[in-house]
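Engineer: Okay, predicted coordinates and the sequence, questions at the end:
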Amino acid sequence: MNLTPEQMAAGRRNFLRTIAGVPAVAALGAAAMVKGPVKGGRLRVGFIGVGGQGRALLSRVDPNYVEVKAMADIRPDSLAAADAVLQKAGQPPATHYVEYKDMLQHEDVEAIITAPPLWMHATIVSDCLDAGKHVLCEKMMAWDRDGYKKMMDAAARNHRVLEIGYQRNYNPIYRSAFDGVMNVSAAYGHFLDDEHPAGFIGVLATKGFKGGRTGYYVTRASNLKARVQSDPPTTRDGISYHWLIQPVVLVSDDGRSATGRLRLFQPRTGKTVGKAGDFFAASVLASTYHDGYVLEDGVWRIWELTVDPQYIRPVAFKDGIWAKAKDPAPPDPNAAPRASPPSRASRLDITAEHLGAKPDTVQWPSIKPMWFGYTNPVSGRVPELYQRDCVPCGIRPDLRFDANGYQQPPDAPAANRAP
């Protein structure tokens, strides 16, 4: 990822500016935006873990704010490579340690920057905080919730600053992108009636496309023709609410395009209660949106609107949605093991013609397998049902982001490794 000077001004450097001039530290807030060296001299820092990501952080240390005093790593080759990084930056060599606890005991440093393996974060960070050091920890924060709590408790107990390197959360470009994605998704799901052209078409990008029962409609004009075929009704037979939960938004490096995976929980109601299977029966539908978004003329709009076939088939409230829900049958212990899927199962072969088929559903509380547009953010594991690109891109590559002047947002693990 290549950041502009404006982008680089936000993020991890805020931590260094904030804690420069310690021991008295108030909070991360206004002090983080101070321009130039902070009164009290350069911050004395130690590094723990100078592998690939640790050296990436080391190369971005600003000598106006930071003096790297020591580095700890169990690999001599990593320490030697880190020496080269310091030398290239014109900084003096730092003392080497194999055991990070020796560094904490013998070095007069005020803060620690850590980039060890994820499973070591909670222990190392807590030890640093207990030693009276402020800590900037590489993302992710910890392996599990117990690790998060251990780190936060150590920071509170020792009155020290603990910062996690989620620099995109602090960067106004990415914060603006996330807000834009959530706002336009909410506008489509909550407020706009797709039978009113000014509302529905306004959230779609000029070349945007939307999935339907028979395929995809591409461009605003095509969607307008497909969705608005007569005067809008004065009243509707029912309401279908879009509750979008658990969003995962991946933003491109330049902040002009994004993908979003949003779980859909859709309560429906109507003038009459209806029966199971009716669209406006008093019931619940669950699925997931896999959408794309672009910043077009200064406004975030929907580039792709795709929703998975519904994962569950609930009975209607009238029929007793809770009482009549059937628990799934227990697995057969003698059944043959399930065949392993390909490492990158793809939906690229699902064309517009295929989308006309009625998908199978299962009775709630059973649920169908879910698709993902990204790999596991921590391990990089490829989900069983994995679709990296937009659904119709297999037959319409011209619909890709990069075919229209936009960047393809990174996969989740790549986003987490971004400096």
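Structural biologist: That came in fine, so what should we check first?
Engineer: The helix or strand Ile113 falls within pairs with which strands, and in what direction?
Structural biologist: Assigned by DSSP states H and E, Ile113 belongs to strand 111-114. Here strand 111-114 has these sheet partners by DSSP bridges: strand 43-48 (parallel), strand 134-137 (parallel).
Engineer: Pro369 is nearest to which of those strands?
Structural biologist: Closest to Pro369 of the strands paired with strand 111-114 is strand 134-137 (C-beta to C-beta; 34.5 Å). All C-beta atoms are positioned from the backbone trio N, CA, C, and that covers glycine.
Engineer: Name the residues of that closest one that are buried.
Structural biologist: By 16 or more other C-beta atoms under 10 Å, the buried positions in strand 134-137 come out as His134, Val135, Leu136, Cys137.
Engineer: go on, stretch 108-118?
Structural biologist: Buried residues in stretch 108-118, counted by 16+ other C-beta under 10 Å: Val109, Glu110, Ala111, Ile112, Ile113, Thr114, Ala115, Pro116.
Engineer: Can you dump the C-alpha atoms of that stretch in CSV for me?
Structural biologist: What follows is stretch 108-118, C-alpha atoms only, in CSV (Å, rounded to 0.1, in the frame of the first residue of the first chain):
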residue,chain,number,x,y,z
ASP,A,108,15.9,3.0,29.5
VAL,A,109,13.1,3.1,27.0
GLU,A,110,9.8,4.9,27.4
ALA,A,111,7.8,3.0,24.8
ILE,A,112,7.8,-0.4,23.0
ILE,A,113,6.6,-1.1,19.4
THR,A,114,5.7,-4.8,19.0
ALA,A,115,5.2,-7.0,16.0
PRO,A,116,5.6,-10.6,17.2
PRO,A,117,3.3,-13.5,16.1
LEU,A,118,-0.3,-13.0,17.0
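Engineer: Offset the numbering so it begins at 426, please.
Structural biologist: Yep, numbering from 426; the last one is stretch 533-543 now.
Engineer: For it, the averaged confidence score.
Structural biologist: Averaged across stretch 533-543, pLDDT comes to 93.
Engineer: Kindly report the same for stretch 567-580.
Structural biologist: 93.
Engineer: Give me the contact list for that stretch.
Structural biologist: 543-544, 546-547, 550-551, 554-555, 560, 562, 566, 585-587 (C-beta atoms under 8 Å, 6 or more residues apart in numbering).
Engineer: Go again with 6 Å.
Structural biologist: For stretch 567-580, the external contacting residues (C-beta atoms under 6 Å, 6 or more residues apart in numbering) are Leu543, Trp544, His546, Ala547, Val550, Ser551, Leu554, Asp555, Met566, Leu587.
Engineer: Which segments of the chain make up each domain?
Structural biologist: What automatic domain parsing lists as the domains of the chain is 430-595, 597-750+765-842.
Engineer: Between those domains, which one is closest to Asn759.
Structural biologist: domain 597-750+765-842 (19.5 Å).
Engineer: which stretches of the protein form helices?
Structural biologist: 430-433, 437-444, 477-483, 501-513, 525-531, 546-555, 570-583, 592-595, 597-611, 622-625, 645-652, 837-842 (DSSP state H).
Engineer: Let me have the ones you listed in TSV, extended by distance to Tyr831 and mean neighbour count.
Structural biologist: As requested, those are exported to TSV (distance: least, C-beta to C-beta, whole Å; neighbours: other C-beta atoms under 10 Å):
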stretch	distance to Tyr831	mean neighbour count
helix 430-433	18	13
helix 437-444	27	23
helix 477-483	26	19
helix 501-513	34	15
helix 525-531	43	17
helix 546-555	34	22
helix 570-583	35	15
helix 592-595	18	18
helix 597-611	12	18
helix 622-625	22	14
helix 645-652	17	16
helix 837-842	16	17
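Engineer: Same list, those helices, but as a markdown table with distance to Asp733 please.
Structural biologist: Formatted as a markdown table, the helices of the chain follow (distance: least, C-beta to C-beta, whole Å):
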| stretch | distance to Asp733 |
| --- | --- |
| helix 430-433 | 34 |
| helix 437-444 | 37 |
| helix 477-483 | 34 |
| helix 501-513 | 44 |
| helix 525-531 | 46 |
| helix 546-555 | 34 |
| helix 570-583 | 29 |
| helix 592-595 | 27 |
| helix 597-611 | 15 |
| helix 622-625 | 21 |
| helix 645-652 | 19 |
| helix 837-842 | 18 |
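Engineer: about what we covered before: now the strands paired with strand 536-539 as a markdown table including mean pLDDT and distance to Val523?
Structural biologist: Shown next, in a markdown table, are the strands paired with strand 536-539 (pLDDT from 0 to 100; distance: least, C-beta to C-beta, whole Å):
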| stretch | mean pLDDT | distance to Val523 |
| --- | --- | --- |
| strand 468-473 | 94 | 11 |
| strand 559-562 | 94 | 20 |
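Engineer: can you tell which of those is closest to Arg821?
Structural biologist: Ranking the strands paired with strand 536-539 by their distance to Arg821 (criterion: C-beta to C-beta) puts strand 559-562 first, at 43.1 Å.
Engineer: Any chance you could list what contacts the closest one?
Structural biologist: By C-beta under 6 Å, 6+ apart, the residues outside strand 559-562 that reach it are 440, 444, 536-539, 546, 550, 553-554, 585-589.
Engineer: sorry, back to before: compile the strands paired with strand 536-539 into JSON lines and extend it with columns for distance to Ala630.
Structural biologist: Formatted as JSON lines, the strands paired with strand 536-539 follow (distance: least, C-beta to C-beta, whole Å):
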{"stretch": "strand 468-473", "distance to Ala630": "44"}
{"stretch": "strand 559-562", "distance to Ala630": "38"}
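Engineer: To Asp487, which of the ones you listed lies closest?
Structural biologist: Across these, closest to Asp487 is strand 468-473 (C-beta to C-beta), at 9.9 Å.
Engineer: Val732 touches Ala711, doesn't it?
Structural biologist: No - with contacts counted by C-beta atoms under 6 Å, Val732 stays clear of Ala711, the gap being 10.9 Å.
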